[in-house]
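Trainee: any chance you could fold what I've pasted below:
(one chain, ligands or ions: 1)
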Amino acid sequence: MKNILVTGGAGYIGSHTSIELLEGGYNVICVDNFSNSSKDIFDVIHDLTGKHVTWYEADVCDVEALRKIVKAHDIDCVIHFAGYKAVGESVEKPLMYYQNNIDSTLALCEVCLENSINNIVFSSSATVYGAPQYLPLDEHHSLSATNPYGNCKLFIEHILKDVHVAHPEMNIALLRYFNPVGAHPSHRLGESPKGIPNNLMPYICQTASGLREQLSIFGDDYDTVDGTGVRDYIHVVDLAKGHAAAIKKLATAPGCVVYNLGTGNGTSVLELVRTFITENNVDVPFAIAPRRAGDIAECWADPASAKEELGWEAQYTIVDMVRDSWEAQKRMNTNEKVTVASEAV
Ligand code: UD1
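Mentor: Numbers count the residues shown, from 1 in each chain. All right, here's what the predicted structure looks like:
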């Protein structure tokens, strides 16, 4: 494996993964329509790695554009990040989500099959487990989704599994991320959602910056350690390394494989906020608010399969995550060349 096509490579997880791949000696060819990201990220990646991403501005739904890109490079593997990611927006605009997220995957599969590109890594999510029936969540847990965004992740997993059945030579890794947070240790790229953030860490960062008045903690009456929701936060650099490990696995022609990418540790909202305040020595005003519709009480991964089969294990701690998120936010606040919008998770 040498030439990796990364869809959505300018996004939050895509850009961190591109760095990891370049540092691992791969060539990175990116296709992105920059609908939620910026081209400036490629200059930052070049500064950090001394290497270039070859990038194309194109929509992954555009089969003809994909054909041209693939013909210009001898692609060995595709990592598919591109897609819409906002849960609330997906409820308001379901057709837009199904059209974009599903069509792009179909286009990609078609072009892969035409060109004998037999390796695909898909950026899936722990959202496909629905409400946990048991914890920690292993890959055998039942699957369900409660909103169009989650349905897209689930449908795409089914589509890729079916593609593997029809074309057994096709190797596919479905990577189910838990809650990605943090930023590159250079703090020159990180997460910068457009508009009001939905996710907790960007909201904490913007509140600490004074961009938001206060953080609402959605519910303190869950059956958890302190009543607030518990999640498995994972540093984006660990996640990026998980993709590099998955590519190595695909090189062994394993068929269709599924891995949780999480730390195996649960952290409550209050624990995360307090760690952020203490470690960064900054105030984050917060107040308890009603539960958010659709939220689950707790969710964390059993990451044993990824450890055994990929030799991958998360290294970064919650302290690393709050530090890197905050340092990247501070650079963003001072209008340094920090980019990167959110990525589909
Ligand atoms: C959410 C999505 C999930 C998606 C993931 C992407 C929902 C229901 N789920 O997961 O499908 O894969 O983002 O990272 O939207 N919280 C607050 N105040 C806030 C924001 C969040 O208290 O302002 C709490 C939530 O109630 C939850 C925790 O923080 O307990 C994490 O929330 P969030 O970052 O939105 O992630 P998830 O809900 O786990």
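
Trainee: mind listing the helices for the stretch 201-345 of the chain?
Mentor: 236-250, 269-280, 304-305, 318-333 (DSSP state H, counting those that start in this stretch).

Trainee: and the ones you listed: which comes nearest the ligand?
Mentor: Proximity to the ligand (C-beta to the nearest ligand atom) singles out helix 269-280 among these, at 4.6 Å. For every residue, glycine as well, the C-beta is placed using N, CA and C.

Trainee: that older thread, using JSON lines, lay out the helices of the stretch 201-345 of the chain together with mean pLDDT.
Mentor: Compiled in JSON lines, the helices of the stretch 201-345 of the chain are given as follows (pLDDT from 0 to 100):
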{"stretch": "helix 236-250", "mean pLDDT": "98"}
{"stretch": "helix 269-280", "mean pLDDT": "98"}
{"stretch": "helix 304-305", "mean pLDDT": "98"}
{"stretch": "helix 318-333", "mean pLDDT": "96"}
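
Trainee: residues near residue 103, how many?
Mentor: Using other C-beta atoms under 10 Å, residue 103 has 15 other residues around it.

Trainee: what strand or helix carries it?
Mentor: Taking DSSP states H and E as the definition, residue 103 sits inside helix 103-114.

Trainee: flag every residue of the stretch 201-345 of the chain that's near the ligand.
Mentor: 203, 215-218, 229, 231, 269, 292, 294-295, 345 (C-beta under 6 Å from any ligand atom).

Trainee: got a quick PyMOL command for the buried subset of those?
Mentor: Buried members of these, defined by 16 or more other C-beta atoms under 10 Å, are picked up in PyMOL with:
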select buried, resi 203+215+217+218+229+231+269+345
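
Trainee: which among the residues of the stretch 201-345 of the chain next to the ligand gets closest to residue 318?
Mentor: Closest to residue 318 out of those is residue 231 (11.0 Å), distances taken as C-beta to C-beta.

Trainee: was I right about that closest one contacting residue 263?
Mentor: No: taking contacts as C-beta atoms under 8 Å, residue 231 lies outside contact range of residue 263: 10.3 Å.

Trainee: what sits in contact with each of those two?
Mentor: The contact sets of residue 231 and residue 263 overlap at 178, 300 (C-beta atoms under 8 Å, 6 or more residues apart in numbering).

Trainee: ok so, going back, kindly export the helix holding residue 103 (C-alpha atoms) in CSV.
Mentor: The C-alpha trace of helix 103-114 is given here as CSV (Å, rounded to 0.1, in the frame of the first residue of the first chain):
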residue,chain,number,x,y,z
ASP,A,103,-24.6,8.7,-2.9
SER,A,104,-20.9,9.5,-2.2
THR,A,105,-20.4,6.0,-0.8
LEU,A,106,-22.1,4.4,-3.8
ALA,A,107,-20.0,6.5,-6.2
LEU,A,108,-16.8,5.6,-4.3
CYS,A,109,-17.6,1.9,-4.4
GLU,A,110,-18.4,2.0,-8.1
VAL,A,111,-15.1,3.6,-8.9
CYS,A,112,-13.2,1.3,-6.6
LEU,A,113,-14.7,-1.7,-8.3
GLU,A,114,-14.0,-0.4,-11.8
